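>>> can't give you the sequence, but here's the structure:
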């Protein structure tokens, strides 16, 4: 587990896409983020207090999160120097970069000297078992997609927020580096050895008997020729009771592959249900999540309504419009979870 | 590439299943096997000359193949001592064991001292690309299965033999450690990182324009909850023009999973064709391969005939009965390959 609260690193970043991990933490774990670290030339902000390393420690921060992606995933000299300064100030360091902290001797030496922990969240833990497909207790929901990077992580985290707001027990299970930093644990599925894909998911979403939901972050797409193996193993390992299909209506072709069209929603849903049934025969689709961030609100609402009609499932943009329609459907399809008493009851 | 010819190691083995890699080499690469190395307590034989290491070198052997699997995949002290003795006698060493040669310092030191090569065939080569799904030239056939270990490698190698016997150009592409040792190259697909499964197959079966066939060894099964991700990426990376479905009629349940029944042949074929169509829209099934080694010949022939009738595809036991019906179907479905002139023509 990565110790929180966090100081979020922006450094010299000037590209919104490059700070998506830091932003994801600020959006979904605001209570665990005490501040942001950025230089004067960084035009971006997460609207958190701007803190130096010593100030962050004084404010309670435990870990500096290098929640950025730079070209090539390498750590430049600036980044290395900052990581060492953070360690010297008393912070652990967590990174989702391709270039591992453990491969940078000066960072490793500083951490050893000061007794701080380093977290390379792209490294799967050793000892992942082969999947066994045994039916296990508990309710699990998996987000699946027409393509990569269509909003599966955001949809899953919004569902966690929405279910918890209704007093349901729900836990996000991370399968990518940003999700792992947000959750504090999980498995970087794309870095797992092929034979252990489904086993890795069985491990992070073990049997549960508390009537709560595991909400598992999907990866890739059954229709992406590069990554469908990952998506298949994820479906089998998850044993999902419920699927939510995620889609970006502005996507012109499969990510990175101009020669592959985006599949239809119905086709995608049917294929995912068919694969999921191997380990979870009663799996049901419970909703569609659209990423409408590039559409005007009225058009987004119209598209959601049309999609809901066409597929006979609730459809929403989880981030912009909330997840109530999907949770309502979950309540219809599954025995409602006992609600934790809240003050308003 | 692993230098041939080979000396095949049996050591103290007394379990036929444990020597399947050495036997595979003896069966499919007899011209490249000069002998077998075994102790007096080994009751098994490949019907090759029994040779010591120096004798094998004198007979032209270049590589000792540790084609055995022992409990836990570890190398005991005996095996380590034998590997070092072989190196000292002038042999390279190749191993498909889980326990890597490179992780045994005494073997590494001996190889360095004597200038010999070590081959851990379970180690994927570095630099495997992400798959791109771009249509590439050439004809590729992939074997798929109802389950793991139903004879996909044997069927693929028998097809190579049979096609070559007819003067066709055909090349086995290995995806498992035994196949890699037989072919001298290939990719150990189960050890590849999840994001690179399809890319690994694209790499070992690149575009070809000589009208020959790449015959790709299948792995796992779309219906095996532990390994279907591997099978999915393999289907997408292979871009197969033709599929051959392999099945063991004696299999009572999915390998290692008593709680999972073996899927039906038609269901398996349809699922594999559907997945394959993403990258190879015109893919066709060209035959069924049954492993009838545990059946009486008459019963085996009856079962093949019944299966052929039921599925409308040629059905044979490739190892016991040959592959002619499947090659005939390939000739019908695809423009016949130009035949290399043979002496009998």
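Looks like it arrived, so ask away. Treat the numbers as computed from the prediction; the structure is a model and nothing was measured. Numbers count the residues shown, from 1 in each chain, chains lettered A, B, ... in the order given.
>>> buried set for stretch A:74-87?
For stretch A:74-87, a neighbour-count test (16 or more other C-beta atoms under 10 Å in any protein chain shown) marks A:75, A:79, A:80, A:82, A:83, A:84, A:85, A:86, A:87 as buried. For every residue, glycine as well, the C-beta is placed using N, CA and C.
>>> Any idea which of those residues the model trusts least?
Lowest in pLDDT among the buried residues of stretch A:74-87 is residue A:75, which has 85.
>>> and the residue nearest to it when sequence neighbours are not counted, what element?
Spatially, and ignoring its direct neighbours in sequence, residue A:75 is nearest to residue A:99 (4.8 Å; C-beta to C-beta, 6 or more residues apart in numbering or on different chains). Under DSSP states H and E, no helix or strand contains residue A:99.
>>> where does residue A:99 sit relative to residue A:176, distance-wise?
17 Å (C-beta to C-beta, to the nearest Å).
>>> Looking at those two, which is more packed in?
Neighbours per residue (other C-beta atoms under 10 Å in any protein chain shown) separate residue A:99 from residue A:176, with residue A:176 holding more: 23 against 18.
>>> and which of the buried residues of stretch A:74-87 is nearest chain B?
residue A:75 (20.5 Å; C-beta to the nearest C-beta).
>>> helix or strand for that closest one, which one?
For residue A:75, there is no host helix or strand (DSSP H and E).
>>> thinking it is in contact with residue A:97, fair?
Yes - under the criterion of C-beta atoms under 8 Å, residue A:75 makes contact with residue A:97 at 6.2 Å.
>>> Now the common contact residues for the two.
Any residue near both residue A:75 and residue A:97 by C-beta atoms under 8 Å, 6 or more residues apart in numbering or on different chains counts here, and that gives residue A:66.
>>> For the residue of the stretch 1-150 of chain A found nearest chain B, which non-adjacent residue is closest in space?
In the stretch 1-150 of chain A, the residue that lies nearest chain B is residue A:133 (3.0 Å; C-beta to the nearest C-beta). Computed as C-beta to C-beta, 6+ apart, the closest residue to residue A:133 that is not its neighbour in sequence is residue B:225, at 3.0 Å.
>>> is it fair to say the one you found lies in a strand?
No - counting by DSSP: H, G, I helix; E, B strand; the rest coil, residue B:225 is located in no strand; its state is coil.
>>> before we move on, back to that, can I get the buried residues of stretch A:74-87 in TSV with secondary structure?
Output for the buried residues of stretch A:74-87, formatted as TSV (three-state DSSP):
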residue	secondary structure
A:75	coil
A:79	helix
A:80	helix
A:82	helix
A:83	helix
A:84	helix
A:85	helix
A:86	helix
A:87	helix
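>>> residues of stretch A:255-271 that come out buried?
Result for stretch A:255-271 [16+ other C-beta under 10 Å]: buried residues A:255, A:257, A:260, A:262, A:263, A:265, A:268, A:269, A:271.
>>> Quick check: what element follows the helix or strand where residue A:9 lies along the chain?
Using DSSP H and E, residue A:9 maps to strand A:6-11. Proceeding N to C from strand A:6-11, the next assigned helix or strand is helix A:20-28, under DSSP H and E.
>>> So for residue A:331, what's the pLDDT?
95.
>>> Secondary structure element for it, which one?
helix A:324-333.
>>> Distance from that helix to the middle of the chain?
Centre-to-centre, helix A:324-333 and its host chain are 21 Å apart (C-alpha atoms, centre = their mean, to the nearest Å).
>>> got the residues of chain A near chain B?
A:130-135, A:189-195, A:197-199, A:222-223, A:225-234, A:236-237, A:256-257, A:259-260, A:271, A:274-275, A:278-279 (C-beta under 8 Å from any C-beta of the partner chain).
>>> From these, list just the buried residues.
A:130-133, A:189-195, A:197-199, A:222-223, A:225-234, A:236-237, A:257, A:260, A:271, A:275, A:278-279.
>>> low pLDDT regions in the stretch 51-200 of chain A?
Along the stretch 51-200 of chain A, segments meeting pLDDT under 70 span A:71-73.
>>> Farthest-apart pair in the buried residues of stretch A:255-271, please.
A:257 and A:269 (21.0 Å; C-beta to C-beta).
>>> related to what we said a few turns ago, and the residue nearest to residue A:133, how far is that from residue A:190?
Applying C-beta to C-beta to residue B:225 and residue A:190 gives a distance of 20 Å.
>>> Same check on residue A:326?
26 Å.
>>> hang on, the earlier thing: quick one: the residue nearest to residue A:75 and residue A:74 touch, right?
Yes - Residue A:99 lies in contact with residue A:74 (C-beta under 8 Å); the separation is 4.8 Å.
>>> Just the strands from chain A, written as ranges.
A:6-11, A:33-38, A:63-66, A:92-95, A:118-120, A:139-145, A:170-173, A:213-216, A:242-247, A:284-290, A:315-316 (DSSP state E).
>>> To residue B:141, which of these lies closest?
strand A:139-145 (30.7 Å).
>>> Give me the contacts around that closest one.
Against strand A:139-145 from outside (C-beta under 8 Å, 6+ apart): A:151-153, A:155-156, A:159, A:205, A:211-218, A:220-222, A:231, A:234-235, A:238-247, A:268, A:272, A:276, A:286, A:289, A:330, A:334.
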